[in-house]
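Visitor: Show me the folded form of this:
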Amino acid sequence: MVSVYPESGRAAWITALRPPRAPVRADTAHAWFRETERDAAGAPAATAVVLLTNRECPWRCLMCDLWRHTLPDTVPPGALPGQLRAALADLAFAPDQIKLYNSGSFFDPAAVPPADHAALAAAIRGIPRVVVECHPRLVGPVVPAFRDRLAGGALEVALGLETIHPAVLPRLNKQFTLRDFDRAAEYLAARGLGLRVFVLLRPPFQSESEGLEWAVRSAEYAFTRGATVVSLIPTRPGNGALDRLQAAGEFAPPRLATLERALEAALALPARLAAPGRRVFADTWDLGGFAHCAACLPARQARLAAMNATQTIPPPVACPVCGEP
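Guide: A predicted model of the protein is given here:
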């Protein structure tokens with residue numbers, strides 16, 4: 001079968017299939033909310049999540065839909081610290097950690113102006129742990145320099161590994177290799193910086209069984225490279241490019257039960273690798289889009305939430321309607 005996905009000119013192909021962006025403003029973060037996440041000691045960590053509005057990431061990843069809430073141009077100086085301060089004031093609680101995400105790379109100077117680093121750090125100084133996201137190829141001296149501005153706060157960098165499948169990773173158009181990822185992980189570890197890793201469940205060009213196998217293998221790879229957290233993200237359609245691949249039979253989103261199985265298998269990895277304190281979380285946003293049975297959806301949602309919270313595996317859901325274990 002000839003793929004509809006081109007071997008060259010992929011960025012242009014991906015961009016041409018996009019639906020419109022969401023309306024966002026440079027003076028307002030596009031979302032902020034509170035969540036609870038289990039920390040390395042097993043305690044619930046009150047977490048502030050702030051999704052900054054800034055310029056779109058320069059990479060055009062095949063599966064990405066984060067560009068929806070970005071701008072075509074770099075935000076004015078001072079805009080991002082203002083977004084952050086307003087979001088934290090509205091949240092009005094003292095977080096144990098903050099996830100400061102920006103729909104791209106925090107250390108991309110076109111997205112987050114370096115001149116704003118001091119003001120951003122000042123706005124979150126005193127929060128014990130700060131999580132930012134970054135492309136592996138942008139990890140460098142600017143990362144520990146930002147950590148030092150936090151005056152004692154721990155900094156954790158989230159990298160999108162996505163998959164270690166040797167044929168699929170290059171086709172995602174992320175434009176990094178496993179060696180690039182390894183170099184970034186080694187750089188962070190050598191400087192006492194934390195590593196969080198995003199892994200896709202069933203990206204394009206994989207069957208359901210392959211998606212499960214390679215998600216667990218990718219999580220294991222991340223842990224062997226020093227990750228303290230792995231987040232399993234079911235690959236979602238809706239960005240245009242994935243919908244085109246789905247229509248051509250080259251992509252399908254994973255089943256909800258497959259996400260359960262991936263989380264179960266990944267939760268066993270830290271003990272097997274003698275890596276205490278490592279955690280695995282499943283992304284539980286909009287799980288209804290992966291459900292094939294409305295009857296057992298609430299029970300499966302609750303089970304995934306319990307696994308995230310406890311890092312243990314409760315009894316499986318037995319559905320009398322669909323019969324899927």
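
Visitor: show me what contacts residue 126?
Guide: residue 153 (CB atoms under 8 Å, 6 or more residues apart in numbering). Where C-beta positions appear, they are placed from N, C-alpha and C, glycine not excepted.

Visitor: A strand includes it, no?
Guide: No. Read with DSSP: H, G, I helix; E, B strand; the rest coil, residue 126 is coil and lies in no strand.

Visitor: Tell me where the stretch 1-150 of the chain has strands.
Guide: Along the stretch 1-150 of the chain, counting by DSSP state E, counting those that start in this stretch, strands occupy 31-38, 44-51, 97-101, 129-134.

Visitor: List the contacts of the shortest one.
Guide: Taking contacts as CB under 8 Å, 6+ apart, the residues outside strand 97-101 that touch it are 37, 39, 45-52, 84, 106, 120, 124, 127-133, 158.

Visitor: So for residue 39, what's the nearest residue that isn't a sequence neighbour?
Guide: residue 45 (4.3 Å; CB to CB, 6 or more residues apart in numbering).

Visitor: Kindly apply the preceding question to residue 29 instead.
Guide: Using CB to CB, 6+ apart, the nearest residue to residue 29 is residue 83, at 4.2 Å.

Visitor: Return the residues in contact with residue 196.
Guide: So residue 196 contacts 131, 156-159, 227-231 (CB under 8 Å, 6+ apart).

Visitor: again but with residue 180, I slipped
Guide: Residue 180 makes contacts with 136-137, as judged by CB under 8 Å, 6+ apart.

Visitor: Relative to residue 303, how far out is it?
Guide: 36 Å (CB to CB, to the nearest Å).

Visitor: Can you get me a residue count around the closest residue in space to residue 191 that isn't next to it in sequence?
Guide: With CB to CB, 6+ apart as the criterion, residue 191 has its nearest non-adjacent residue at 4.8 Å, and that residue is residue 144. Other residues within reach of residue 144, judged by other CB atoms under 10 Å, total 17.

Visitor: ditto for residue 141
Guide: Counted with other CB under 10 Å, residue 141 comes out at 10.

Visitor: can you tell which of the strands of the stretch 1-150 of the chain is closest to residue 73?
Guide: strand 44-51 (18.4 Å; CB to CB).

Visitor: just the CA coordinates of the closest one, formatted as PDB?
Guide: Below are the C-alpha coordinates for strand 44-51, written out as PDB (Å, rounded to 0.1, in the frame of the first residue of the first chain):
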ATOM      1  CA  PRO A  44      -0.500  13.700  46.800                       C
ATOM      2  CA  ALA A  45       1.100  16.900  45.400                       C
ATOM      3  CA  ALA A  46      -1.200  19.800  44.900                       C
ATOM      4  CA  THR A  47      -0.300  20.900  41.400                       C
ATOM      5  CA  ALA A  48      -1.000  24.200  39.600                       C
ATOM      6  CA  VAL A  49      -1.100  23.700  35.800                       C
ATOM      7  CA  VAL A  50      -0.700  26.900  33.700                       C
ATOM      8  CA  LEU A  51      -0.900  26.700  29.900                       C
END
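
Visitor: Show me what secondary structure element comes after the helix or strand where residue 183 lies.
Guide: Per DSSP states H and E: residue 183 is located in helix 178-190. Reading on from helix 178-190 to the C-terminus, the next helix or strand found by DSSP H and E is strand 194-201.

Visitor: Give the partner strands of that next one in its sheet and their orientations.
Guide: strand 154-162 (parallel), strand 229-234 (parallel) (DSSP bridges).

Visitor: CA atoms of the lengthiest helix in the chain as PDB?
Guide: Across the chain, the longest stretch assigned as helix under DSSP state H is helix 208-224. The C-alpha coordinates for helix 208-224 follow below in PDB (Å, rounded to 0.1, in the frame of the first residue of the first chain):
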ATOM      1  CA  GLU A 208      -3.400  -2.000  18.400                       C
ATOM      2  CA  SER A 209      -1.000  -4.700  19.600                       C
ATOM      3  CA  GLU A 210       2.000  -2.900  18.300                       C
ATOM      4  CA  GLY A 211       0.900   0.300  20.000                       C
ATOM      5  CA  LEU A 212       0.700  -1.500  23.300                       C
ATOM      6  CA  GLU A 213       4.000  -3.200  23.000                       C
ATOM      7  CA  TRP A 214       6.000  -0.100  21.900                       C
ATOM      8  CA  ALA A 215       4.400   2.200  24.500                       C
ATOM      9  CA  VAL A 216       5.600  -0.100  27.200                       C
ATOM     10  CA  ARG A 217       9.000  -0.500  25.600                       C
ATOM     11  CA  SER A 218       9.300   3.200  25.200                       C
ATOM     12  CA  ALA A 219       8.400   3.700  28.900                       C
ATOM     13  CA  GLU A 220      11.100   1.300  29.900                       C
ATOM     14  CA  TYR A 221      13.600   3.100  27.700                       C
ATOM     15  CA  ALA A 222      12.700   6.400  29.400                       C
ATOM     16  CA  PHE A 223      13.300   4.900  32.900                       C
ATOM     17  CA  THR A 224      16.600   3.500  31.900                       C
END
